[in-house]
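*Asks:* here is a sequence with its predicted model. Questions after.
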Amino acid sequence: MKNNYLLALLSAFLLWLGWPPIPYSSILLFIGFIPLLIALENIILSKTIKKKGLKVFLTAALTAVIWNTASIYWVYNSISAVMPPLAATLISLIPFCLGAVLMAAAFRLYYQLRQKSSVLLSLFGLMGFWISYEFLHESWDLAFPWMTLGNGFANFHQLIQWYDITGVYGGTVWIWLINILLFILYLHRKGLYTLKNKILVPVSIALLLLVPSLYSLLRYFSYEEHQNPAQVVVVQPNVNPYIKFQLSPEEQLSTLFALSSSVAKPNTEFFIWPETALSQNGYFDEEHFRDTYTYNQILKFLDQYKNGNVLSGIESYQLYNDAKTPTAREISPHVYQDNFNAATLIDYSSKLQFYHKSKLVPGVEQMPFGTVMDFLKPLFKAFGGTTGGYGKQAEPSVFYAQSGIGVAPVICYESIWGNYVSSYIKKGAQFIAIITNDGWWGNTSGKDQHLQYAKLRAIENRRWVARSANTGLSGFINQRGDIVQQTKWWEPAALNQEINLNEEITVYTKVGDIAAYLGLTFAFGGLLIIIAKRRKQQVEQ
């Protein structure tokens, strides 16, 4: 049994080593699961181990917890800055362990399927169960799709230019298919599985590795952007999020203006400022924002740039006469307030545009599962959230400049969702603006991973990404996923870039996560086999 745990630890190490931000290491993901699969095979074939299903689950959980925690350790770093160590540890266990439990559950179902069907069919069922976990973990109230397997190629984007067809779930399928076939080859050489055609599996592995990679490299080196230039500035004001309200709104605004002007050109069309760059104690009333000092100073700044637009994060609210939304709180008789982590587009037109962040961080920005976890609200409030949760809008909305340019205002955490970002593109966005505040995480790999994941959105939709992060890392990413410019961490900075707007729609933008639906189909088939065989056994008994 000890050897099985060592194999599980080896899988955890390989998967961590293959994960961003370590450059070009993602090819290790192709073999990352093989030691774990060998360990599970030892358990399944053992004649002495009892409670095999539990042992399978615990062994897989060992791999998952260590890999997951090693890759997102920065979650604790961010929470411990505002909470006592014990409370921070307990809260951190949710993202560290929840995803790991779901991963281990996929292997537990694989064991169940192995009891009812062949090795090969069970392995394809495992791939389906894994994709089902990923799909669930981006869809429910505790969503955290950071560790979706296809994200692993963010550190080697030259190999996944075909994500403009499949998205990241295509990467998940790719990784699993190669792990499965290599494991089948291992079983054959150990005499545990008989291959009728000894050439088929090695050839399949070679084709699976070479065809997508060569296609991608050819696509990467031959890809040419249509010339449709626009001048964009991204600003990194470097305001420490933990002392933000010790600085006056006027002082913060002055910093934004100075940095923007330092690199702007007369024809600059967009100034991108980070998440919550516009804020004050008590937030801004959206209906009366035009009457504020902040709004009028921004218009004054835009006097120098007649085609200019400011796209900025803002903390805002709306007032209602009744409880119009589940997050609206009564602040006085018959007056309800909804707070938003939002973005706004300001220009010289009469139209003031707002977008309310939709993909909210569990706990910090929304309380999962309604009132079930109300007891945690005081803890999360310390992390910059609100005790009642932020309001949100159901669908993304595109900001349009007076010139007709459409931009996708993506706020922080939302940039992890490929399908959600692509829905902006369907609505006419010609480039993507990611505004974020990664200062919560400190100087950890979290900020680097978040930047690299933005490369995936650029490839999937063939759109430039302009990324403004309060403390870094800010920059520009072209339509091939190359980081063209990048700021340093924790330094005030501004960058200017001529980007190319794009109106073409990729296959992925059109069809979405079709690869996920393929995986869900495998999982459904596997569950049907498990249920059918169990019922047959019950009838026979």
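*Replies:* The structure has been received and is ready for your questions.
*Asks:* which strands or helices does the helix or strand hosting Tyr508 pack on?
*Replies:* Secondary-structure element containing Tyr508, defined by DSSP states H and E: helix 507-511. Here helix 507-511 touches helix 163-166, helix 418-426, helix 445-461, going by 3 or more Cβ pairs under 8 Å, 6 or more residues apart in numbering; DSSP states H and E. Where C-beta positions appear, they are placed from N, C-alpha and C, glycine not excepted.
*Asks:* export those to a markdown table and tack on distance to Tyr193 and mean pLDDT?
*Replies:* Listed next are the helices and strands packed on helix 507-511 as a markdown table, based on distance: least, Cβ to Cβ, whole Å; pLDDT from 0 to 100:
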| stretch | distance to Tyr193 | mean pLDDT |
| --- | --- | --- |
| helix 163-166 | 29 | 98 |
| helix 418-426 | 35 | 97 |
| helix 445-461 | 35 | 97 |
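*Asks:* would you turn those into CSV with mean neighbour count?
*Replies:* Output for the helices and strands packed on helix 507-511, formatted as CSV (neighbours: other Cβ atoms under 10 Å):
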stretch, mean neighbour count
helix 163-166, 23
helix 418-426, 23
helix 445-461, 24
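*Asks:* adding distance to Phe399, write those out as JSON lines.
*Replies:* JSON lines is the format used below for these (distance: least, Cβ to Cβ, whole Å):
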{"stretch": "helix 163-166", "distance to Phe399": "23"}
{"stretch": "helix 418-426", "distance to Phe399": "10"}
{"stretch": "helix 445-461", "distance to Phe399": "16"}
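*Asks:* how about the helix holding Tyr508: buried residues?
*Replies:* Using 16 or more other Cβ atoms under 10 Å as the test for burial, helix 507-511 gives 508-509.
*Asks:* any idea which helix or strand comes after it?
*Replies:* Moving toward the C-terminus from helix 507-511, the first helix or strand encountered (DSSP H and E) is helix 514-540.
*Asks:* starting at the chain centroid, how far to that following helix?
*Replies:* Centroid displacement of helix 514-540 relative to its chain, using Cα atoms, centre = their mean, to the nearest Å, is 29 Å.
*Asks:* quick revisit: tell me the mean pLDDT over the helix holding Tyr508?
*Replies:* For helix 507-511, the per-residue pLDDT values average out at 97.
*Asks:* over to stretch 533-541?
*Replies:* According to the model, stretch 533-541 has a mean pLDDT of 73.
*Asks:* can I get the CA coordinates of that stretch in PDB?
*Replies:* Provided in PDB are the C-alpha atoms of stretch 533-541 (Å, rounded to 0.1, in the frame of the first residue of the first chain):
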ATOM      1  CA  LYS A 533     -25.400  -4.000 -14.200                       C
ATOM      2  CA  ARG A 534     -26.300  -3.300 -10.500                       C
ATOM      3  CA  ARG A 535     -30.000  -3.900 -11.300                       C
ATOM      4  CA  LYS A 536     -29.200  -7.000 -13.200                       C
ATOM      5  CA  GLN A 537     -27.200  -8.400 -10.200                       C
ATOM      6  CA  GLN A 538     -30.100  -7.500  -7.900                       C
ATOM      7  CA  VAL A 539     -32.600  -9.400 -10.100                       C
ATOM      8  CA  GLU A 540     -30.300 -12.400 -10.300                       C
ATOM      9  CA  GLN A 541     -30.000 -12.500  -6.500                       C
END
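*Asks:* now what about it, what contacts it?
*Replies:* The contact list for stretch 533-541, computed with Cβ atoms under 8 Å, 6 or more residues apart in numbering, reads 115-117.
*Asks:* turn the residues you listed into TSV, including neighbour count.
*Replies:* Rendered in TSV, the data for the contacts of stretch 533-541 read as follows (neighbours: other Cβ under 10 Å):
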residue	neighbour count
Gln115	14
Lys116	18
Ser117	17
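*Asks:* ok, of those, which one's closest to Ser216?
*Replies:* Distance to Ser216, by Cβ to Cβ, is smallest for Ser117 among the contacts of stretch 533-541, at 33.9 Å.
*Asks:* and the residue nearest the centre of the chain, what does it touch?
*Replies:* Central residue of the chain (Cα atoms, centre = their mean): Ile416, 1.9 Å from the mean position. With contacts defined as Cβ under 8 Å, 6+ apart, Ile416 is in contact with 138, 145-146, 148, 151, 359, 453.
*Asks:* of those, which pair is most distant in space?
*Replies:* When Cβ to Cβ is used, the two most widely separated members of those are Asn151 and Lys359, lying 15.3 Å apart.
*Asks:* who has more neighbours, these two?
*Replies:* Neighbours per residue (other Cβ atoms under 10 Å) separate Asn151 from Lys359, with Asn151 holding more: 24 against 21.
*Asks:* contacts only, for the closest residue in space to Ala516 that isn't next to it in sequence.
*Replies:* The spatial neighbour of Ala516 that comes closest, neighbours along the chain excluded (Cβ to Cβ, 6 or more residues apart in numbering), is Tyr169 at 4.3 Å. Contacts for Tyr169 (Cβ under 8 Å, 6+ apart) come out as 131, 134, 148, 150, 513-516, 519.
*Asks:* could you identify the most distant pair in these?
*Replies:* With Cβ to Cβ as the measure, no two of the contacts of Tyr169 lie farther apart than Thr148 and Ile514, at 15.2 Å.
*Asks:* these two: who's more crowded?
*Replies:* Counted by other Cβ under 10 Å, Thr148 and Ile514 do not tie: Thr148 has more neighbours, with 26 against 15.
*Asks:* so the more buried one makes contact with Val173?
*Replies:* No: applying Cβ atoms under 8 Å, one finds Thr148 not in contact with Val173, separated by 11.7 Å.
*Asks:* tell me how many other residues surround Gly53.
*Replies:* Burial measure for Gly53: 14 neighbouring residues, criterion other Cβ under 10 Å.
*Asks:* contact partners for it?
*Replies:* When contacts are counted by Cβ under 8 Å, 6+ apart, Gly53 is found next to 108, 111-112.
*Asks:* which of those residues tops the neighbour count?
*Replies:* Of these, Gln112 is surrounded by the most neighbours, 22 neighbours in total, counting by other Cβ under 10 Å.
*Asks:* give me the nearest residue to that one, chain neighbours excluded.
*Replies:* Ile530 (5.2 Å).
*Asks:* okay if I get the contacts of Gly53 as a markdown table plus pLDDT and secondary structure?
*Replies:* Output for the contacts of Gly53, formatted as a markdown table (pLDDT from 0 to 100; DSSP: H, G, I helix; E, B strand; the rest coil):
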| residue | pLDDT | secondary structure |
| --- | --- | --- |
| Arg108 | 97 | helix |
| Tyr111 | 97 | helix |
| Gln112 | 95 | helix |
